[in-house]
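> Just a sequence and a predicted model for now, questions to come.
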Amino acid sequence: MGFFSSLFGGKTRCPLCGTEFARTESSRIRCATPGCANYDSKVVEKFYGAPAVEIKDPVEIHYVNFEGAKKRFLANRASLHIKGVHLSAEVAPTGKRIALKLNNIANQAALLDIINQQSGGGDEPPLLQR
Ligand SMILES: [Zn+2]
């Protein structure tokens with residue numbers, strides 16, 4: 001697997017955002033976290049195997065993984081939806097869809113509000129119906 005060997009080749013931890021998806025190039029750290037001061041879209045494809053895409057109308061997802069580590073995802077607002085106990089969203093940098101356990105999302109309430117607004121009230125019957 002060429003992708004994985006190149007991934008482990010020049011890996012550096014970004015001192016600003018803590019991602020392992022960073023590398024040192026000409027004495028500069030370039031990392032794959034959108035919004036980080038060290039972000040460089042050119043290293044995204046190297047680490048993720050897909051080019052960086054622009055996330056339109058982004059929302060932040062504050063996630064705590066099973067190790068208790070906080071992670072921040074930048075997600076496409078229109079892509080948010082609930083699938084069972086997971087939140088499904090297209091996230092930066094590649095726009096790939098991921099599923100995150102709802103219970104581990106710190107700003108779950110704010111995201112659920114967005115989803116409810118977008119779905120126009122969800123599964124509840126309209127109030128005018130008698
Ligand atoms: Zn960084």
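Now that the structure is in, tell me what you want to look at. Numbering: from 1, shown residues only.

> From the centroid of the chain, which residue is nearest?
For the chain, F73 is the residue whose C-alpha lies nearest the centre (C-alpha atoms, centre = their mean; 3.1 Å).

> buried residues in the one helix or strand it maps to?
In this structure, F73 is located in strand 70-76 according to DSSP states H and E. For strand 70-76, the neighbour count (16 or more other C-beta atoms under 10 Å) marks F73, L74, A75, N76 as buried. From N, CA and C alone the C-beta is placed, and that goes for glycine too.

> near the ion at all, that strand?
No: figure legend: strand 70-76 not in contact with the ion (C-beta under 5 Å from the ion); closest approach 10.9 Å.

> Now do the contacts for Y39.
R30, C31, A32, T33 (C-beta atoms under 8 Å, 6 or more residues apart in numbering).

> count of neighbours near L102?
15 (other C-beta atoms under 10 Å).

> State whether it and Q108 are indeed in contact, as I suppose.
Yes: under the criterion of C-beta atoms under 8 Å, L102 makes contact with Q108 at 5.8 Å.

> intersection of neighbour lists for the two?
L87.

> picking that back up, who are the packing partners of the strand holding F73?
strand 58-64, strand 86-91 (3 or more C-beta pairs under 8 Å, 6 or more residues apart in numbering; DSSP states H and E).

> Any buried residues in the helix or strand following the shortest one, and which?
Of the helices and strands lying after strand 86-91 in sequence (DSSP H and E), the nearest is strand 96-101. Neighbour counts over strand 96-101 (16+ other C-beta under 10 Å) mark L100 as buried.

> I'd like the next helix or strand past strand 96-101.
From strand 96-101, the next helix or strand downstream (DSSP H and E) is helix 108-118.

> And the contacts of that next one?
By C-beta under 8 Å, 6+ apart, the surrounding residues in contact with helix 108-118 are V59, I61, R77, A78, L80, H81, I82, L87, L102, I105, G122.

> re earlier: out of the contacts of Y39, who's nearest the ion?
Closest approach between the contacts of Y39 and the ion, by C-beta to the ion: C31, at 3.4 Å.
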